[in-house]
Each structure stands twice: as C-alpha cells, then as structure tokens.
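Colleague: have a look; sequence and predicted model below, questions after that.
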Amino acid sequence: MKVLQLIDSLEPGGAERIAVTYANSLCDPLEASFLCTTRAEGLLKGALKDKVGYLFLKKKRTLDYSALFRLKRFVKANKIDIVQAHTTSYFFATLLKLIYPKIQLIWHEHHGNRIHTKGSDHKALYWCSKFFSKIVVVNPDLKRWCETNLATKEVIYIPNFIVFEGEPEEVQTRSNIICCLANLRDPKNHMLLLKAFRRIHEAHPDWKLQLIGKDFNDNYSEGLKNFIKEHRLSAAVTIEGSISAVQPQLQQATIGVLSSSSEGLPMSLLEYGMAGLYPIATNVGYCREVISTFGAVVESNNEEALTTALRIAIEDRTWRIQQAGLYTAHIKKHYSLEGVLPELLKIYKN
C-alpha cells in the first residue's frame, strides 16, 4: 500500500507538522510513503525522512490545471493508492479524484473552530465530501460536526500523535522561560498571554516569555509588538519566529502555554509533553482531555485565571517539576506513535 499526504505548505504549523509526522511514520509499515505540498515549501521540508517520496507542485491559483495534472502523473507513476488531504487541500484533492478516480481520498480535518460554524457555510466542502472515502478528525466534537453536516459516511477520530526521540533534558536545570508554540494569528490569542505575563513579570522579573511561531507581520502581530513596547517588556518577551526543530528550543524552557480561543487537538501540547514542560492551556477544543490532571486548564479569554495558573506554576517549583514529569509520561502513553499507528493502519487497510 502507498499513501500520499497532501498539504498546502510546509511552513511550521499544527496541520503541517502532522502531515510530515504521518509521512515519516508510514515509511516502514507501508510499501511507500509520500508527501506533496501544493503552494509553498517551508522549514518543515528539512524534517522529512529521505525515504519519503516528495513533490512540490508550485500551485499558483485555486484552479491550477497544470499543477493538477502534474500531481496526477506523480500519483499514477508511483502507483499511489490513497491520498490523505489535510485541512484546506481537500478541494484540490477532490479535483484529482475527479480526473483519477482510482485513488481513495481521505480528508484529515484539524481546525477545531469549524464546530462553531454552520454546515450551510461550507457548500464547497459538502460537495467535495461526496468524494471522500473517509474523514479523519482530531477530536470528537469535529467528528460529530462532520457526521451532521457532510456527506461522507465514515468519520473517524484519530488523535494527533508525536514521535518521541529520547528523553527530555533534565527539568531541574532549566531556565525561567515560558514558551508559547503557536503561529502569530488570531485564534491563538497571544494578547491574553501577554496581558497575563505583564502581571507575572511585575512579581517575577527574572522570568522570560518566548513566542515561537510564524510572524505574518500583519495587524495581529503589530498589535502584539506594540503591547510589548508600550509596557516595556522588550527585555522579557521575544518573538522567535518560525523554527523547524522546536524541541531544542522548548527543552530550554520550563512552562508551555497555549492561550487560544479555539483549537482542535493542538500539536503544541504534545510538543510540550515531549519537551518535559508543565502545560497550561485554555479550555477549548480537546485541550482539557490532552492535559488531563497534569497541568492547568483555564477558561478562554480569562486573564485573571491564566495569571493565577502561571503564578502557581512559577512559585511551586517542586510540584511543577513533578507534574511536568507525569505529563510527559501521559503524552507518551496516549499520544505517541506506538499508541496511534495500529488504528491508523486499520483505516488504510479497510
């Protein structure tokens, strides 16, 4: 069996990391594994294993027929059986299905905020869903939404997973750093974290905050930069931008925060577990279920609650270190490749 992951770009992001993780993880259990990025390459290209077959289409527009037929030739030449289209690449994948019906098409939906929309808002997606063999989603709420609003008969919940490579660095020797691994865009609500950190910094000036993720240099990021400047936090808060290898950066830190207003099953929380961080997240998407009892979950857009969770984690070092270790073990047990791969292979083989 041969499977191709289809994604719009390889810029660091949750869906993009999952597409790369799938492509890498399927090299050995399947006959062959492939990845195609349609619009753009990015830092994550360097994370692909040599054994992964790779194609960059350089698609210029929504209906790029030249790119579409290049993809068809690639799929046909490599005798690919299944195309797994991630997030917004479903439309291009459906066009491929129309001109090459031989493939099985799976749509993999990551975006948790879709559950807050109506099915009538997604007419193109509904039409495309008639051609999906299956839909894979990252949390049960998305499963219910797809079952209610789309035409695909089989919708399967498969949690995101992470591939552990060795043990995290010793927690006791880490710096007083809080990390937020999230691209600088609206659903991630970095402003909430900045407001909470401003209050924390007054009592704990030795603590730093690192924002790791793509800076789109738009109004959203400009607002964050203005806040940092206005409140004289430039020495304490750094915007790191996109990083291909996030684990070395995270393993210098102590606390990992996700202050989003909506999520699916965020890869950032899995990365925090792999890095040995104490996790704090807002109660959106599947964050509460991922963190379980091994960190703090606060209500979305609640500055006071987030400030309190940060203060408790900072001031109780022994408890924080203990919880971080338990969280790493929890993620390894429930969200690692070993736990998810058998279920994933069943989907392909059935």
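Modeller: Structure's in. What do you need? Residues are numbered from 1 along each chain as shown.
Colleague: other SSEs contacting the helix-or-strand element of the chain with minimal mean pLDDT?
Modeller: Lowest by mean pLDDT, DSSP states H and E among the helices and strands of the chain is helix 337-349, with a mean of 89. Helices and strands touching helix 337-349, by 3 or more CB pairs under 8 Å, 6 or more residues apart in numbering; DSSP states H and E, are helix 14-25. The C-beta positions use only the backbone N, C-alpha and C, and glycine is treated the same way.
Colleague: quick check, distance from the least confident helix or strand of the chain to the centre of its chain.
Modeller: Relative to its chain's centre, helix 337-349 lies at 19 Å (CA atoms, centre = their mean, to the nearest Å).
Colleague: list the buried ones in that helix?
Modeller: 340-341, 344, 347-348 (16 or more other CB atoms under 10 Å).
Colleague: if Leu184 is in a bridge, with which residues?
Modeller: Asp215 (DSSP bridges).
Colleague: what about it, neighbour count?
Modeller: 24 (other CB atoms under 10 Å).
Colleague: got it, and Asp186?
Modeller: Number of residues near Asp186 (other CB under 10 Å) recorded here: 14.
Colleague: touching, it and Tyr220? I think so.
Modeller: Yes - when contacts are counted by CB atoms under 8 Å, Asp186 is listed as touching Tyr220 (5.7 Å).
Colleague: tilt between the least confident helix or strand of the chain and helix 14-25?
Modeller: In terms of direction (axes from the mean of the first three to the mean of the last three CA atoms, to 10 degrees), helix 337-349 departs from helix 14-25 by 80 degrees.
Colleague: same list (the buried residues of helix 337-349) but as TSV, adding distance to Tyr278.
Modeller: Putting those into TSV (distance: CB to CB, whole Å) gives the following:
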residue	distance to Tyr278
Val340	24
Leu341	28
Leu344	29
Ile347	34
Tyr348	36
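Colleague: and which of those residues is nearest to Leu10?
Modeller: Leu344 (20.9 Å; CB to CB).
Colleague: count of neighbours near the closest residue to the closest one other than its chain neighbours?
Modeller: Using CB to CB, 6 or more residues apart in numbering and skipping the chain neighbours, the partner closest in space to Leu344 is Ile158 (6.1 Å). By the measure other CB under 10 Å, the count of residues near Ile158 is 17.
Colleague: what's Ile158 in contact with, if anything?
Modeller: Taking CB atoms under 8 Å, 6 or more residues apart in numbering, we find Ile158 in contact with 136-138, 340, 343-344, 347.
Colleague: quick one: it from Thr328, how far?
Modeller: Per CB to CB, to the nearest Å, Ile158 is found 22 Å from Thr328.
Colleague: can you give me the strands for the stretch 51-200 of the chain?
Modeller: For the stretch 51-200 of the chain, the strands defined by DSSP state E, counting those that start in this stretch cover 53-56, 82-86, 104-109, 134-137, 155-157, 177-181.
Colleague: need those in CSV (columns: distance to Gly285).
Modeller: Listed next are those as CSV, based on distance: least, CB to CB, whole Å:
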stretch, distance to Gly285
strand 53-56, 30
strand 82-86, 17
strand 104-109, 12
strand 134-137, 11
strand 155-157, 13
strand 177-181, 15
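Colleague: could I get those strands as JSON lines with distance to Glu31, mean pLDDT and mean neighbour count?
Modeller: Converted to JSON lines, the strands of the stretch 51-200 of the chain look like this (distance: least, CB to CB, whole Å; pLDDT from 0 to 100; neighbours: other CB atoms under 10 Å):
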{"stretch": "strand 53-56", "distance to Glu31": "11", "mean pLDDT": "98", "mean neighbour count": "17"}
{"stretch": "strand 82-86", "distance to Glu31": "11", "mean pLDDT": "98", "mean neighbour count": "25"}
{"stretch": "strand 104-109", "distance to Glu31": "15", "mean pLDDT": "97", "mean neighbour count": "24"}
{"stretch": "strand 134-137", "distance to Glu31": "20", "mean pLDDT": "97", "mean neighbour count": "23"}
{"stretch": "strand 155-157", "distance to Glu31": "22", "mean pLDDT": "96", "mean neighbour count": "18"}
{"stretch": "strand 177-181", "distance to Glu31": "34", "mean pLDDT": "98", "mean neighbour count": "25"}
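Colleague: so, low pLDDT: which residues of the stretch 101-250 of the chain?
Modeller: 166-172 (pLDDT under 70).
Colleague: quick one, what contacts the residue of the chain most remote from its centre?
Modeller: In the chain, Ala203 marks the outermost C-alpha relative to the chain mean, sitting 32.5 Å out by CA atoms, centre = their mean. Counting by CB under 8 Å, 6+ apart, Ala203 touches Arg311.
Colleague: if I look at it, how far off is Thr308?
Modeller: Distance from Ala203 to Thr308, counting by CB to CB: 12 Å.
Colleague: what do those two both touch?
Modeller: Residues within reach of Ala203 and of Thr308 at once, by CB under 8 Å, 6+ apart: there are none.
Colleague: where exactly do the helices run in this protein?
Modeller: Using DSSP state H, the helices of the chain run over residues 14-25, 65-77, 90-99, 123-129, 140-149, 190-203, 219-230, 246-250, 267-275, 287-291, 303-315, 317-334, 337-349.
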